[in-house]
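K.L.:
Show me how the following folds:
(chains A and B)
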Amino acid sequence: MERDESVFIMGEDIKRSIYGATMGLLEEFGEKRVLDTPLSENAFFGAAVGAAAVGMRPVVETLTSFMWVAMDQLVSQAAKMRYMFGGQVNLPVVYRATMYYGGGSAAHHSDRSYPMFMNMPGLKIVAPSNPADMKGLMKTAIRDDDVVIMFEDGTLFGNRGDVPANEDLPNGELLVPFGQANTLREGTDVTVVAIAGSVPHAIAAADELEADGISVEVIDPRTLVPLDKGTILESVERTGRLVIADPAHKVCSAASEIASIVAEEGFWSLQAPIVKVASEQVHIPYSPVLEKLVYPTKEKIVTAVKRTLE
Amino acid sequence: MAIDKDLLMLMLRRMWTIRHFEETVIDIYAKGEFGGAAHPYIGEEAVAVGACVAMQDTDYIAGNHRSHGHPLAKGGDPKRAMAELLGRVDGYCKGKGGSMHLADFSIGILGESGILGSSLPVATGAALASKIKGEDFISAVFFGDGASNQGACHESMNLASVWKLPIIFICENNQYAVTTSYRDTVAVEHVSDRASAYNMPGVLVDGQDVVAMYEAISVAIERARAGEGPSLVEGLTYRYEEHSLGLGRIRRGEYRPEEEIERWRQRDPIVIHEKRLVEQGIATQEECDAVRDEVRKEIDEALEFARNSPFPEPEDLFDDMFANPIPQA
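P.N.:
Numbering: from 1, shown residues only, chains lettered A, B, ... in the order given. Take a look at the predicted model:
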């Protein structure tokens, strides 16, 4: 926002920053660039498209669960407009969609909906798993001339991680390019591709398996559209085994797409069936006893890795 | 409101442009020159023309599925519009949008939307940009009586009003959502009555009278540019044709009597405007006829242009998805 006057942010309760991400923005950038909206997601999701079409760079803050009421604007306008109008217009919009799940929010407030948007051409889909990527991908998203949805995983909030200082970076700022996966841990026996909130579980699983003498490579795709399939295929070529950990529901998930790519393009590297560790195909129950059964965990990933080695 | 002759003749020219364009579209659709849907604007010309000639090129409009009239009213090129309908590379959208998605950003046409009510938030956003940038362009959006029942419509009106955005909501009340009368679906007597819920002026206008539309929109534009916020202008109008070309062949059951259609045809917007020009001594019938004939020729040329324009190449399929392209999945 400091760098580019056309960047502004709107959303619900962002002036008082009830979720923390917009803290201090009102004081620094004023009422014109930090807008509290009515509870009208369809209107302000679409207004972002219209503002972008005439030269602004809107950032919209929301939760995944509120995207459903704005689906027409996300799909009919944000995703389709550029192509439908023959490339006449660029739409530099960033939708920040927080995924709150795992904390007893029940079915209406626990959505991890990125696979549905991966299915819709015209959207770039980002899913960071650590603070440095969050910053670097956010900056790339805001500067990108296309519609980007940042799926921000609430289970990661509060995690700490190193974020390089600008002066320590070769070009003086942290920009993480889209379409470049991050190999968080190198390994030789099994490849684990982990998405968003599943990444810490995958790392923990790799630690545990290492003690058993199993070497796990952990890859974080960071962006799901575009997807760095090259890094994944190259890894599977070396390990011959693939587990995918994905907090989304398992049917037509990001994991499904990655599995299908590897089955189509990396089949002859595989020495065992691919295993998906995704959320169960059920709504998110309220009771913690039930909810914890749904998502990928370290234990499920460990079991899956061992299965590929049987 | 004194309106000079050039502007009055421009209104006539643009209405004839739409009329001839649509008649040509109906003709070539019947001959099978293009497929898909096309929604003729015949009968409603005064609404878009009266509104658009009150605007600047730098003002923005967005529209709906009945999409040919709005861009032509704002000065869009019939050649590129016709080429788009025929799916050719010289079309406004290089053949990727078709009849329902004409757009010309160079003259403030943000594009037409096939989903009803869907362009209201987008136009609201263009107005928001004007306000944030501190510029004086305004935005306007055309929608029908049917779309006035969409949540997007109500959300946009409320948002535009609380933020005092420079936008004009223009309801073209052609009285039927496909076959359903607005009297059966709109809870108030007039769509413009809905403005009171959003603390903005709501004006009901004779949508067959291009000058009345021009005047009402001019007032709304002045209010918008002065930073006083949005307005809702309802042009009561009528479509002579079926909702969409080809629909008459499959539709079962009548929904509006022939006498009603005939009654509205007697209030034809072009006839009303020409009559005024001649009776008030502003133009002669010959001058009016000359406009009609010139436009006829222009539309014939547009059709010729469109027919001669090449179809896209297969390798064009993936172009225009992204400004910063990504590898094809």
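
K.L.:
how many neighbours does residue 250 have?
P.N.:
Since you didn't name a chain, this refers to chain A. 17 (other Cβ atoms under 10 Å in any protein chain shown). C-beta here means a position set from N, CA and C on the backbone, and glycine is covered the same way.

K.L.:
um, chain B though
P.N.:
Counted with other Cβ under 10 Å, residue B:250 comes out at 7.

K.L.:
In the biggest helix by length in chain B, which residues are buried?
P.N.:
If you go by DSSP state H, chain B has its longest helix at helix B:5-30. Within helix B:5-30, the residues that count as buried by 16 or more other Cβ atoms under 10 Å in any protein chain shown are B:8-22, B:24-25, B:28-29.

K.L.:
Centre of the chain to it, how far?
P.N.:
Helix B:5-30 sits 12 Å away from the centroid of its parent chain (Cα atoms, centre = their mean, to the nearest Å).

K.L.:
how about residue 94, what does it touch?
P.N.:
Picking chain A for this. Contacts for residue A:94 (Cβ atoms under 8 Å, 6 or more residues apart in numbering or on different chains) come out as A:57-60, A:138, A:141-142, A:147-150.

K.L.:
actually chain B
P.N.:
A:86-87, B:312, B:316, B:319-320.

K.L.:
ditto for residue A:273
P.N.:
So residue A:273 contacts residue A:308 (Cβ under 8 Å, 6+ apart).

K.L.:
In space, what's closest to residue A:259 - neighbours in sequence excluded?
P.N.:
Excluding the flanking residues, the one nearest residue A:259 by Cβ to Cβ, 6 or more residues apart in numbering or on different chains is residue A:274, at 4.7 Å.

K.L.:
pLDDT value on the one you found, please?
P.N.:
Note on residue A:274: pLDDT of 98.

K.L.:
ok, it - how many residues close by?
P.N.:
22.

K.L.:
From residue A:143, how far out is it?
P.N.:
Separation of residue A:274 from residue A:143 (Cβ to Cβ, to the nearest Å) stands at 35 Å.

K.L.:
By proximity to chain B, which residue of the stretch 151-300 of chain A wins?
P.N.:
Residue nearest to chain B within the stretch 151-300 of chain A: residue A:226 (3.7 Å; Cβ to the nearest Cβ).

K.L.:
How much space separates the residue nearest the centre of chain A from residue B:265?
P.N.:
By Cα atoms, centre = their mean, chain A has its centre lying nearest to residue A:127, at 1.5 Å. Applying Cβ to Cβ, the value for residue A:127 to residue B:265 is 58 Å.

K.L.:
In the stretch 151-300 of chain B, what residue lies closest to chain A?
P.N.:
Counting by Cβ to the nearest Cβ, the stretch 151-300 of chain B gets nearest chain A through residue B:155, at 3.6 Å.

K.L.:
Hmm, residue A:37 and that residue touching each other?
P.N.:
No. Residue B:155 is beyond contact range of residue A:37, at 9.8 Å (criterion: Cβ atoms under 8 Å).

K.L.:
who touches both of these two?
P.N.:
Residues touching both residue B:155 and residue A:37 (Cβ under 8 Å, 6+ apart): residue A:43.

K.L.:
the more surrounded of these two?
P.N.:
residue B:155 (28 against 22).

K.L.:
helix/strand/coil for that one?
P.N.:
helix (DSSP: H, G, I helix; E, B strand; the rest coil).

K.L.:
Tell me which residues touch it, please.
P.N.:
Taking Cβ under 8 Å, 6+ apart, one finds A:38, A:40, A:42-43, B:121 in contact with residue B:155.

K.L.:
pretty sure residue B:42 is in a helix, no?
P.N.:
No. Counting by three-state DSSP, residue B:42 is located in no helix; its state is coil.

K.L.:
which residues of the stretch 101-250 of chain A fall in helices?
P.N.:
A:114-118, A:131-143, A:198-211, A:229-239 (DSSP state H, counting those that start in this stretch).

K.L.:
before we move on, what about the stretch 1-150 of chain B?
P.N.:
Counting by DSSP H, counting those that start in this stretch, one finds helices in the stretch 1-150 of chain B at the ranges B:5-30, B:45-52, B:69-73, B:78-85, B:119-133.

K.L.:
ok, back up a step: in terms of pLDDT, where does the residue of the stretch 151-300 of chain A closest to chain B sit?
P.N.:
Looking at residue A:226, its pLDDT is 98.

K.L.:
ok, back up a step: restricted to buried residues, select the contacts of residue B:94 in PyMOL.
P.N.:
The PyMOL selection below is limited to those of the contacts of residue B:94 classed as buried (16+ other Cβ under 10 Å):
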select buried, (chain A and resi 86+87) or (chain B and resi 312+320)
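
K.L.:
now the contacts of residue B:94 as TSV including distance to residue B:82, secondary structure and pLDDT?
P.N.:
Formatted as TSV, the contacts of residue B:94 follow (distance: Cβ to Cβ, whole Å; DSSP: H, G, I helix; E, B strand; the rest coil; pLDDT from 0 to 100):
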residue	distance to residue B:82	secondary structure	pLDDT
A:86	15	coil	97
A:87	20	coil	97
B:312	16	coil	98
B:316	19	helix	96
B:319	22	coil	97
B:320	20	coil	97
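
K.L.:
Could you find the two of the contacts of residue B:94 that are most distant from each other?
P.N.:
Greatest spatial distance among the contacts of residue B:94 (Cβ to Cβ): A:87 and B:312, at 12.1 Å.

K.L.:
What values do phi and psi take at the nearest residue to residue A:87 once chain neighbours are set aside?
P.N.:
Residue nearest to residue A:87 in three dimensions, not counting chain neighbours: residue B:320, with 3.3 Å by Cβ to Cβ, 6+ apart. Taking degrees, to the nearest 10, you get phi 80, psi 0 for the backbone angles of residue B:320.

K.L.:
circling back to that earlier point, please name the nearest non-neighbouring residue to the residue nearest to the centre of chain A.
P.N.:
Going by Cβ to Cβ, 6+ apart, residue A:127 has residue A:196 as its nearest residue, at 4.3 Å.

K.L.:
Surely that neighbour and residue A:129 touch.
P.N.:
Yes. Between residue A:196 and residue A:129 a contact is recorded at 5.5 Å, counting by Cβ under 8 Å.

K.L.:
Would you mind grabbing the residues shared as contacts by those two?
P.N.:
Common neighbours of residue A:196 and residue A:129 (Cβ under 8 Å, 6+ apart) are A:153, A:156.

K.L.:
quick one: which of the two has more around it?
P.N.:
Counted by other Cβ under 10 Å, residue A:196 and residue A:129 do not tie: residue A:196 has more neighbours, with 28 against 25.

K.L.:
Next, the contact list for that one, please.
P.N.:
A:99, A:112, A:127-129, A:151, A:153, A:156, A:247.

K.L.:
In strands only, show me those residues.
P.N.:
Among those, DSSP state E puts A:99, A:151, A:153, A:247 in strands.

K.L.:
can you tell me which residues contact the third one?
P.N.:
With contact taken as Cβ under 8 Å, 6+ apart, residue A:153 is in contact with A:98-99, A:112, A:127-129, A:196-197, A:247.
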